[in-house]
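S.K.: got a predicted structure here, sequence first:
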Amino acid sequence: MIKLKDLYFKAFISEAEIDAAVQKMADQIADDLGDDIPVFVGILNGSFMFVSDFVKKYPKPCEVTFIKLASYEGIKSSEDIQRLIGLTQDLTDRQVVILEDIIDSGNTLEEVHRIFENEKVADLHIATLFYKPEAYKKDYKLHYVGIEIPNKFIVGYGLDYEGLGRDLPSVYQLKTTQHMTNLVLFGPPGAGKGTQAEFLKEQYNLVHISTGDVFRFNIKNETALGMLAKSFIDKGELVPDQVTIDMLNAEVEKNSDANGFIFDGFPRTNAQAKALDQLMDSKDSQISAMIALEVDDEVLVKRLLERGKTSGRADDADEAVIRNRLKVYYDETAVVADFYRTQDKFIGVNGEGSIEDITERLCKVIDTL
Ligand code: AMP
């Protein structure tokens with residue numbers, strides 16, 4: 001991911017993909033033009049990188065020139081009245097190939113055709129590296145297209161956002177969701193996830209989603225989801241993945257304008273972790289880190305029994321259920337840490353000591369993200 005001025009962009013088309021597309025275009029055009037020496041006309045500014053790579057790959061002699069598109073000052077809409085400057089060469093009877101970096105609405109192309117109307121060229125071919133079929137509103141034939149792309153704003157490889165990004169060797173796409181901080185707060189039952197999430201959500205302006213709390217809310221309100229979950233929760237077992245994943249997705253959707261999320265009690269299985277990655281991906285976002293609160297088992301049992309005296313939670317009241325929840329954590333949930341370790345996103349934090357000390361440790365870690 002990169003940031004240009006105020007916007008974030010994600011990797012979209014790699015150097016290797018661009019290279020292959022440019023090579024294919026060069027070979028195809030060379031085949032089609034036979035022994036004629038063509039004049040390649042790049043449209044500045046965006047096409048400079050494409051034209052440079054293209055002519056290096058073109059296997060036969062050729063000429064290269066550039067024209068520049070100028071907008072009349074003060075008019076900045078996509079319907080700009082534009083004109084091309086710089087066409088000084090006599091192109092009579094020549095094979096001319098326009099090299100464009102990108103064709104979207106086709107306005108520039110219309111102007112190109114207008115300019116070339118009076119030139120007595122042998123043939124005018126249009127070649128564009130990128131093409132947005134959904135945005136194209138004109139009828140002009142595009143003879144050569146490198147890569148078709150969806151109608152999203154892109155930068156890199158000659159294309160800019162407010163002057164920046166032209167120098168990037170690969171192409172990036174505007175993220176539809178701008179930057180979010182998404183934390184997985186991890187640890188066994190009783191580690192203090194809920195307590196700490198209350199402080200962190202205020203400090204970082206994040207939405208806290210505790211799957212346990214959502215289940216308990218549903219149980220209290222006797223919803224179908226609550227009834228289904230209750231049988232598992234009362235035994236200290238996990239609610240089935242698909243039920244939990246669907247519920248989590250719905251909670252995230254309810255907060256579509258959030259700055260980010262604290263996931264507490266989710267994911268608890270690798271299937272849930274994968275589903276969470278997919279969900280973040282669909283939001284053009286990602287999990288920033290998994291922060292695991294590390295607490296000794298006997299401290300956990302003591303904390304949960306203590307909490308059980310006031311929480312009203314059946315699963316906190318019975319030591320056998322508590323021990324089963326810990327067993328389930330080690331048997332089924334602890335592996336999720338490896339999922340984030342392999343993504344280099346796992347951070348362990350000492351979860352013993354005073355609530356304030358632990359909050360401070362967590363903030364120190366989050367501030368480095
Ligand atoms: P918690 O409040 O996080 O301790 O969760 C209480 C109970 O809700 C757990 O023991 C599970 O039965 C259920 N639960 C909460 N989150 C999940 C999850 N991500 N996957 C499956 N079950 C869950």
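M.R.: Arrived safely, thanks for sending.
S.K.: and the residue in the stretch 51-200 of the chain positioned nearest to the ligand, its phi and psi?
M.R.: Here the stretch 51-200 of the chain gets closest to the ligand at one residue, P189, 4.7 Å apart by Cβ to the nearest ligand atom. Bear in mind the C-beta positions are built from the backbone N, C-alpha and C, glycine included. Backbone geometry at P189, expressed as degrees, to the nearest 10, gives phi -60, psi 140.
S.K.: just K68 next, same as before
M.R.: phi -120, psi 140.
S.K.: shouldn't it be in contact with T108?
M.R.: No - between K68 and T108 there is no contact under Cβ atoms under 8 Å: 11.0 Å.
S.K.: can you pick out the residue with more neighbours from the two?
M.R.: T108 (21 against 13; other Cβ atoms under 10 Å).
S.K.: remind me which helix or strand the more buried one belongs to.
M.R.: helix 107-116 (DSSP states H and E).
S.K.: ok, then the element right after that helix?
M.R.: Counting by DSSP H and E, what follows helix 107-116 is strand 123-131.
S.K.: by contact count, what packs against that next one?
M.R.: helix 15-33, strand 95-103, helix 107-116, strand 144-148 (3 or more Cβ pairs under 8 Å, 6 or more residues apart in numbering; DSSP states H and E).
S.K.: please redo it, this time with the cut-off set to 7 Å
M.R.: helix 15-33, strand 95-103, strand 144-148 (3 or more Cβ pairs under 7 Å, 6 or more residues apart in numbering; DSSP states H and E).
S.K.: list the contacts of A191.
M.R.: L293, V295, L300, G351 (Cβ atoms under 7 Å, 6 or more residues apart in numbering).
S.K.: try it again with 6 Å
M.R.: L293, V295, G351 (Cβ atoms under 6 Å, 6 or more residues apart in numbering).
S.K.: and the residues you listed, which is closest to L362?
M.R.: L293 (8.2 Å; Cβ to Cβ).
S.K.: how deep is the residue nearest to that closest one when sequence neighbours are not counted tucked in, by neighbour count?
M.R.: Leaving aside its chain neighbours, L293 sits nearest to G351 (3.2 Å; criterion: Cβ to Cβ, 6 or more residues apart in numbering). Other residues lying near G351 total 23 when counted by other Cβ under 10 Å.
S.K.: how about G351, what does it touch?
M.R.: A191, G192, L293, E294, V295, I358 are the contacts of G351 under Cβ under 6 Å, 6+ apart.
S.K.: next: S170.
M.R.: Here S170 is in contact with S14, E15, G156 (Cβ under 6 Å, 6+ apart).
S.K.: quick check: phi and psi at it.
M.R.: According to degrees, to the nearest 10, S170 has phi -120, psi 180.
S.K.: the nearest residue to it once chain neighbours are set aside: neighbouring residues, count only.
M.R.: Excluding its sequence neighbours, the residue lying closest to S170 (Cβ to Cβ, 6+ apart) is E15, at 4.9 Å. Per other Cβ under 10 Å, the neighbour tally for E15 reads 13.
S.K.: correct me, but E15 touches Y172?
M.R.: No - here E15 lies out of contact with Y172, judged by Cβ atoms under 6 Å, at a distance of 12.0 Å.
S.K.: circling back to that earlier point, and the angle from the helix holding T108 to strand 123-131?
M.R.: 170 degrees (axes from the mean of the first three to the mean of the last three Cα atoms, to 10 degrees).
S.K.: could you tell me the angle between helix 107-116 and strand 95-103?
M.R.: 160 degrees.
S.K.: for helix 107-116, list every residue counted as buried.
M.R.: By neighbour count on 16 or more other Cβ atoms under 10 Å, the buried set for helix 107-116 is N107, T108, L109, E111, V112, F116.
S.K.: can you pull the buried residues of stretch 306-321?
M.R.: Buried, per 16+ other Cβ under 10 Å, within stretch 306-321: R307, G308, D315, D316, V321.
S.K.: what of stretch 278-294?
M.R.: Result for stretch 278-294 [16+ other Cβ under 10 Å]: buried residues L279, M280, K283, D284, S285, I287, S288, A289, M290, I291, A292, L293.
S.K.: which one is the fifth one nearest to, not counting chain neighbours?
M.R.: Going back to what we said before, that points to S285. In space, S285 is closest to M180, 4.6 Å off (Cβ to Cβ, 6+ apart).
S.K.: give the contact list for the residue of the chain found nearest the ligand.
M.R.: Ranked by Cβ to the nearest ligand atom, the top residue of the chain for proximity to the ligand is G212, at 1.9 Å. Applying Cβ under 6 Å, 6+ apart to G212 gives the contacts G265.
S.K.: quick one: which helix or strand includes it?
M.R.: Counting by DSSP H and E, G212 is part of helix 211-220.
S.K.: tell me the buried residues in that helix?
M.R.: So, applying 16+ other Cβ under 10 Å, buried residues of helix 211-220: T211, G212, V214, F215, R216, N218, I219.
S.K.: one step back: surely the residue nearest to S285 is in contact with I262?
M.R.: No - counting by Cβ under 6 Å, I262 is not a contact partner of M180; they are 11.5 Å apart.
S.K.: between those two, tell me which one has more neighbours.
M.R.: I262 (24 against 20).
S.K.: up against the ligand, what does the protein have?
M.R.: 189, 211-212, 215, 232-233, 236-239, 244, 265-266, 268, 272, 315, 325 (Cβ under 6 Å from any ligand atom).
S.K.: so where's the stretch 51-200 of the chain uncertain?
M.R.: 70-84 (pLDDT under 70).
S.K.: looks to me like K274 is in a helix.
M.R.: Yes - under DSSP: H, G, I helix; E, B strand; the rest coil, K274 falls within a helix.
S.K.: give me the distance between it and D284.
M.R.: Using Cβ to Cβ, to the nearest Å, K274 is found at 18 Å from D284.
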